[in-house]
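Colleague: Could you work out the structure for the sequence below:
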Amino acid sequence: MATKVLAGITVEVTDEGYLTDAGKWTPEMAAEIAKEEGISLSQKHMDVLNYIRDKALKGETLTIRAIGKSGIVDIKGFYELFPGAPLKLASKIAGISKPTSCV
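Modeller: Numbers count the residues shown, from 1 in each chain. So this is what the prediction gives:
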């Protein structure tokens with residue numbers, strides 16, 4: 001495990017940059033991680049990130065389809081907010097573990 005300073009807080013991250021302790025996450029950290037990924041967070045991004053965190057911290061399995069049915073954003077919108085690998089990228093920015101469905 002490596003350490004990284006995000007928003008002035010030293011946190012442990014995996015080799016891929018995912019936080020190892022979701023409890024240390026802050027919205028300010030999300031903004032820094034997103035910036036590293038070339039994304040400027042909007043309120044819509046934050047709504048999706050909060051939804052993802054809520055579901056993940058309850059132990060629910062995350063899927064792109066479930067996020068598309070969340071009422072916050074449809075699947076196309078999810079890909080627009082988090083281009084490329086949206087679930088993987090959004091999970092990283094949300095400070096949760098990499099979803100098992102992502103390679």
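Colleague: tell me the average confidence for the lengthiest helix in the chain?
Modeller: Across the chain, the longest stretch assigned as helix under DSSP state H is helix 43-57. Regarding helix 43-57, the rounded mean pLDDT is 96.
Colleague: Provide the contact partners of it at residue level.
Modeller: With contact meaning C-beta atoms under 8 Å, 6 or more residues apart in numbering, helix 43-57 is reached by 22, 25, 27, 30, 34, 39, 41, 62, 66-67, 70, 72-73, 77-78, 81-82, 90-91, 93-97, 99. Every C-beta, even on glycine, is put in place using the N, C-alpha and C of the backbone.
Colleague: mind listing what's buried in the helix or strand following that helix?
Modeller: Downstream of helix 43-57, the next assigned helix or strand under DSSP states H and E is helix 64-68. Within helix 64-68, the residues that count as buried by 16 or more other C-beta atoms under 10 Å are 64, 67-68.
Colleague: helices and strands around helix 64-68, which ones?
Modeller: Under the contact criterion of 3 or more C-beta pairs under 8 Å, 6 or more residues apart in numbering; DSSP states H and E, helix 64-68 touches helix 43-57, helix 75-81, helix 86-93.
Colleague: Convert that helix to PDB, retaining C-alpha atoms only.
Modeller: C-alpha atoms of helix 64-68 as PDB (Å, rounded to 0.1, in the frame of the first residue of the first chain):
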ATOM      1  CA  ILE A  64     -23.700   0.500 -14.200                       C
ATOM      2  CA  ARG A  65     -27.300  -0.600 -14.800                       C
ATOM      3  CA  ALA A  66     -28.300   0.100 -11.200                       C
ATOM      4  CA  ILE A  67     -26.800   3.600 -11.300                       C
ATOM      5  CA  GLY A  68     -28.700   4.100 -14.600                       C
END
